[in-house]
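1. Quick one, structure for this:
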Amino acid sequence: MKAIRVSRAGGPEVLELVDVPRPSPGPGEALVRLAAAGVNFIDVYLRSGRYPRELPYVPGQEGAGTVVELGPGVTEVAVGDVVAWANLPGSYAEYALLSADRLVPVPAGLDPETAAAVLLQGMTAHYLCHDTHPVRPGDTVVVHAAAGGVGMLLTQLVRMRGGTVIGTASTEAKAEAAREAGAAEVVDYRPGALLAAVRKHTDGLGAAAVFDGIGGPTFDESLAALRPRGVLAVYGQSGGPVPPFDLQRLNAAGSLFVTRPNLEHHITARSELLRRGTAVLRLARDGALDVRVGRRFPLAGAADAHTALEARATIAKTVLTCSPETAGSPVR
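-> Alright, predicted model coming up:
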């Protein structure tokens with residue numbers, strides 16, 4: 001089978017298309033023929049060495065496809081089931097060998113590409129606004145990178161819970177996409193622009209929460225945008241890590257909360273994985289959650305996909321088409 005392999009940390013050029021043996025499932029495992037894999041910043045962190053891991057490896061944390069073979073003892077899925085997954089390695093490939101108890105059934109009526117595009121980032125958005133800061137009607141919150149994969153989904157989920165979103169975006173095209181997702185106002189990253197928008201929408205009080213996947217470059221203004229006892233959730237660091245800071249700043253600004261949440265801690269039990277994952281997939285199937293695939297690349301174009309993602313040249317979700325029929329097709 002075809003797969004992308006990373007043999008050394010580095011830039012997008014280390015993503016190599018290779019032929020590898022098709023694996024066979026062992027106890028508790030399922031072999032899945034991929035339809036599509038999601039491309040996420042966690043893939044960039046691992047590839048670049050920012051998050052160290054053992055080499056070589058097949059990248060990709062998210063995908064969807066059809067179960068084609070089962071190992072002994074599997075009861076969670078059956079051959080022929082369409083399933084999706086998140087936070088499992090090895091998705092940049094035509095086939096993936098996966099723990100069956102971490103697979104989420106794709107509901108009838110939802111195509112596998114959409115399932116691959118929404119599950120990881122959709123569950124991230126779900127836990128942020130349901131658990132990290134349970135958004136209440138009337139809350140004003142900030143969503144950084146509101147035209148990104150998580151940002152567009154999070155904006156929609158916040159709106160469903162009765163909140164108002166102030167988004168940030170780096171271009172007018174991205175700002176328009178964020179407004180289409182439901183943001184009440186979208187500002188660029190000029191110093192002071194976010195604070196002015198938050199003051200206007202909250203009568204000077206501040207935001208109930210800031211959801212920040214950028215990290216270091218936005219941290220100070222995110223803190224400054226919060227109301228007393230507000231929550232800053234730094235769930236990613238696409239712009240770089242947050243430097244050490246004095247905790248006394250949180251006291252001085254009004255007993256603020258800062259957290260660094262992670263999806264894995266919100267889907268540890270299979271029951272929670274199924275509850276959260278099924279909720280997201282059903283919202284996508286029913287059209288309540290608009291899932292946009294901004295760009296598609298063939299499996300052989302994984303390096304191009306990473307280049308586009310790191311250059312902030314993508315809107316919404318980027319996916320790889322991984323089936324044998326499309327693995328070598330031109331970039332679209």
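2. what pairs with the top strand by length along the chain, and is each one parallel or antiparallel?
-> In the chain, taking DSSP state E as the definition, the longest strand is strand 29-39. Pairing partners of strand 29-39, with direction, according to DSSP bridges: strand 62-70 (antiparallel), strand 95-99 (antiparallel), strand 317-321 (antiparallel).
3. Identify the bridge partners of Glu69.
-> Leu31.
4. I'd like the strands paired with strand 29-39 laid out as a markdown table, including mean pLDDT.
-> Output for the strands paired with strand 29-39, formatted as a markdown table (pLDDT from 0 to 100):
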| stretch | mean pLDDT |
| --- | --- |
| strand 62-70 | 98 |
| strand 95-99 | 98 |
| strand 317-321 | 95 |
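5. can you tell which of those strands is closest to Ala181?
-> strand 317-321 (12.3 Å; CB to CB). Just so you know, the C-beta spots here come from the backbone N, C-alpha and C atoms, and that holds for glycine as well.
6. what residues does the closest one touch?
-> 35-39, 60, 92, 113, 116-118, 121, 149, 291-299, 301-302, 305, 308-309, 327, 329 (CB atoms under 8 Å, 6 or more residues apart in numbering).
7. ok so, going back, next SSE downstream of the longest strand of the chain?
-> helix 41-48 (DSSP states H and E).
8. buried ones in that next one?
-> Going by neighbour count (16 or more other CB atoms under 10 Å), the buried part of helix 41-48 is Phe41, Ile42, Asp43, Val44, Tyr45, Leu46, Arg47, Ser48.
9. same check, this time on stretch 156-168
-> For stretch 156-168, a neighbour-count test (16+ other CB under 10 Å) marks Gln156, Leu157, Val158, Arg159, Gly163, Thr164, Val165, Ile166, Gly167, Thr168 as buried.
10. Off-centre distance for that stretch?
-> Distance of stretch 156-168 from its chain centroid, counting by CA atoms, centre = their mean, to the nearest Å, is 17 Å.
11. cool, stretch 35-43 as well?
-> From the chain centre to the centre of stretch 35-43 is a distance of 9 Å (CA atoms, centre = their mean).
12. Need the contact partners of it.
-> By CB under 8 Å, 6+ apart, stretch 35-43 touches 51, 59-66, 91-93, 112-113, 116-117, 119-121, 149, 213, 236, 238, 297, 299, 302, 305-306, 309, 317-323.
13. Go ahead and build a ChimeraX selection from the buried members of those.
-> The buried residues among the contacts of stretch 35-43 can be selected in ChimeraX (16+ other CB under 10 Å) with this line:
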select :59,60,61,62,63,64,65,66,91,92,93,112,113,116,117,119,120,121,149,213,236,238,297,299,302,305,306,309,317,318,319,320,321,322,323
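14. Just the ones of the contacts of stretch 35-43 in helices?
-> If you go by DSSP state H, those have Pro112, Glu113, Ala116, Ala117, Leu119, Leu120, Gln121, Gly149, Ala302, Ala305, His306, Leu309 in helices.
15. got a pLDDT number for the last one?
-> Listed pLDDT for Leu309 reads 92.
16. so who does it touch?
-> Val39, Phe41, Val44, Thr318.
17. With the second one instead?
-> With contact set as CB under 8 Å, 6+ apart, Glu113 has these partners: Ala35, Ala36, Ala64, Val293, Val319, Thr321.
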